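Participant: my questions are about this predicted structure, shown below with the sequence.
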Amino acid sequence: MLVVQDIIANKEEYIKALTKRSFDAAPILEKVIHLDEERRATQAKLDNTLADSNKLSKEIGMLFKNGEAQKAAILKEKTSQLKESSKSLSARLTEIQEELKELLYTIPNVPHASVPDGQSDEDNEEVFREGDIPVLEDGALPHWELAKKYDIIDFELGVKISGAGFPVYKGKGAKLQRALISYFLDKNTEAGYTEYQVPHLVNEASGYGTGQLPDKEGQMYHITADDLYLIPTAEVPVTNMFRDDLVNESDLPICCTGYTPCFRREAGSYGAHVRGLNRLHQFDKVEIVRIEKPENSYEALDGMVDHVKEILKELKLPYRILRLCGGDIGFTSALTYDFEVFSTAQDRWLEISSVSNFESYQANRLKLRYKDTNGKNQLAHTLNGSSLALPRVLAGILENYQTPNGIKIPDVLVPYCGFEYID
């Protein structure tokens, strides 16, 4: 969430910047400022009341010591009144703080200056494209038909076990899936990211910490009996490892990677564009997360983009990079780049990665700070990226590498798979 002091200092700039999201920030920022003024005034009254109470308590002690019990009794009545007043002020302060926090949760992150104007994904700005789109033989098939032809993914069996959006990978399909996970993790660890295996269920505090709650509550699977949530991405547990931490400046940057299954309800997703692996309720993803000093975070973002580029180059998949517009950028992000791979058989682009800088937005929720060289506590910047999401990468490989003799495995994956063709 945004920092109240920054809202006060930059109110007009924030109002203007948030119009990129079509978010009318003026009334809510005014309310934040008003609540903060009330919070500070109430805190001052409480501090003064407690100070007066402590002062009287000392005087009462001295009066009793000097045998002036009657005077002490009069002052005790005053301290009783002060205690009631302090109790009331403390309760009101808690109410204000909670109201202020809930209000801040409803305000999205302020977009970076480079975020383009726009209302939807049609307004995203293409900033890079690489790779030749292959020319396929006549009769080329989309990946869901290839999966059936070569018996490598069983969508119907997944429906039987769980429902739509829960595919079963089998045979060479399962091995290719495992190969991609290992390859992605190896690329990330070679680049300096430390690998973690994290829980796939998180508590409510973790959901709030990275901003999935309350914004995406309806898209998360909630286990009500235990009040736990199935993770929509490894970003949530990995970033929350550092919740409430004060890290040393010398420890930055902190670079993490992890593989997890991801679970998303995807409510309201229908139509031909969600067929096969295009949109699932459960899918595998390898994530990278960075914790950076603020002055280094945009250089780090560029490095993460270059890292994903290198992976796609090695896979030899045609891809493009989009800078997301204000109407399409995520609630918590200041700047996001989406990677899309071209699906030749479907004749469309498929999103396979998002790389984002959240600046201090998540860190403020997480209370993730570092101590600078002057000994002052500062909020860190957090970043994350898919490196990569597997379903659409797999779809792109199946479709773009199909031949009359079978599906060729990208050269870089052959050592991981142990075979060169799915046939």
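Facilitator: Structure received. Numbers count the residues shown, from 1 in each chain.

Participant: in three-state terms, label the most far-flung residue of the chain relative to its centre for me.
Facilitator: Distance from the C-alpha centroid of the chain, by Cα atoms, centre = their mean, peaks at G67 (65.2 Å). Of the three states, G67 takes coil according to DSSP: H, G, I helix; E, B strand; the rest coil.

Participant: again with T332
Facilitator: Assigned with three-state DSSP, T332 falls in the coil class.

Participant: not counting sequence-adjacent ones, nearest residue to it?
Facilitator: G211 (3.7 Å; Cβ to Cβ, 6 or more residues apart in numbering). For every residue, glycine as well, the C-beta is placed using N, CA and C.

Participant: ok, that neighbour - contacts?
Facilitator: F331, T332, F358, Y361, Q362, R365 (Cβ atoms under 8 Å, 6 or more residues apart in numbering).

Participant: quick one: which of those residues is most hemmed in?
Facilitator: Q362 (29 neighbours; other Cβ atoms under 10 Å).

Participant: neighbours of the nearest residue to that one once chain neighbours are set aside, how many?
Facilitator: Sequence neighbours aside, T382 is the residue nearest to Q362 in space, at 4.5 Å (criterion: Cβ to Cβ, 6+ apart). Neighbour count for T382, taken as other Cβ under 10 Å: 27.

Participant: if we can go back for a sec, from A44, how far off is the residue nearest to T332?
Facilitator: 32 Å (Cβ to Cβ, to the nearest Å).

Participant: and W349, what element?
Facilitator: Assigned by DSSP states H and E, W349 belongs to strand 348-357.

Participant: sheet partners, orientation included, of that strand?
Facilitator: strand 335-343 (antiparallel), strand 381-389 (antiparallel) (DSSP bridges).

Participant: any idea which of these gets closest to E310?
Facilitator: For these, the distance to E310 is smallest for strand 381-389, at 10.1 Å, taking Cβ to Cβ.

Participant: report the distance from that closest one to the chain centre.
Facilitator: 8 Å (Cα atoms, centre = their mean, to the nearest Å).

Participant: again, but for stretch 394-410
Facilitator: 32 Å.

Participant: and for stretch 172-189?
Facilitator: The answer for stretch 172-189 is 23 Å, by Cα atoms, centre = their mean.

Participant: same thing with stretch 295-311?
Facilitator: Using Cα atoms, centre = their mean, the offset of stretch 295-311 from its chain centre is 17 Å.

Participant: what segments of the stretch 201-350 of the chain are strands?
Facilitator: For the stretch 201-350 of the chain, the strands defined by DSSP state E, counting those that start in this stretch occupy 201-203, 222-223, 228-230, 246-248, 254-263, 282-292, 319-323, 335-343, 348-357.

Participant: packing partners for the next helix or strand after the strand holding W349?
Facilitator: Sequence-wise, the next helix or strand downstream of strand 348-357 (DSSP H and E) is helix 361-366. Helices and strands touching helix 361-366, by 3 or more Cβ pairs under 8 Å, 6 or more residues apart in numbering; DSSP states H and E, are helix 204-210, helix 235-240, strand 381-389.

Participant: repeat that with 6 Å
Facilitator: helix 204-210 (3 or more Cβ pairs under 6 Å, 6 or more residues apart in numbering; DSSP states H and E).

Participant: hmm, back to that, from the strands paired with strand 348-357, which stretch is densest packed?
Facilitator: strand 381-389 (a mean of 26; mean count of other Cβ atoms under 10 Å).

Participant: what are the contacting residues of that strand?
Facilitator: 184, 188, 235, 239, 285-286, 288-292, 294, 297, 300-301, 304, 308, 352-355, 357-360, 362-363 (Cβ atoms under 6 Å, 6 or more residues apart in numbering).

Participant: only whichever of those residues are buried, select them in ChimeraX.
Facilitator: ChimeraX command restricting the contacts of strand 381-389 to the buried ones, with burial defined by 16 or more other Cβ atoms under 10 Å:
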select :184,188,235,239,285,286,288,289,290,291,292,297,300,301,304,308,352,353,354,355,357,358,359,360,362,363
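
Participant: pass me the low-pLDDT residue ranges in the protein, would you?
Facilitator: Applying pLDDT under 70 to the chain flags the ranges 64, 70, 72, 76, 267-273.

Participant: measure stretch 115-125 end to end?
Facilitator: Stretch 115-125 has its terminal residues 9 Å apart, counting by Cα to Cα, to the nearest Å.

Participant: quick one: buried residues of that stretch?
Facilitator: V115, P116, G118, N124.

Participant: would you reformat these as CSV and include distance to L75 and secondary structure?
Facilitator: Formatted as CSV, the buried residues of stretch 115-125 follow (distance: Cβ to Cβ, whole Å; DSSP: H, G, I helix; E, B strand; the rest coil):
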residue, distance to L75, secondary structure
V115, 61, coil
P116, 67, coil
G118, 67, coil
N124, 69, coil
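
Participant: dump those into TSV; add distance to T260 as well.
Facilitator: Conversion of these to TSV gives the following (distance: Cβ to Cβ, whole Å):
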residue	distance to T260
V115	28
P116	31
G118	31
N124	27
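
Participant: nearest to L315, of the residues you listed?
Facilitator: So of those, ranked by how close each gets to L315 (Cβ to Cβ), first place is N124, at 22.6 Å.

Participant: now do the helices in the stretch 51-200 of the chain.
Facilitator: Listed in chain order, the helices of the stretch 51-200 of the chain (DSSP state H, counting those that start in this stretch) span 69-105, 143-149, 155-161, 172-190.

Participant: turn those into a markdown table, including distance to D423.
Facilitator: Below are the helices of the stretch 51-200 of the chain laid out as a markdown table (distance: least, Cβ to Cβ, whole Å):
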| stretch | distance to D423 |
| --- | --- |
| helix 69-105 | 53 |
| helix 143-149 | 10 |
| helix 155-161 | 21 |
| helix 172-190 | 9 |
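
Participant: alright, calling it a day.
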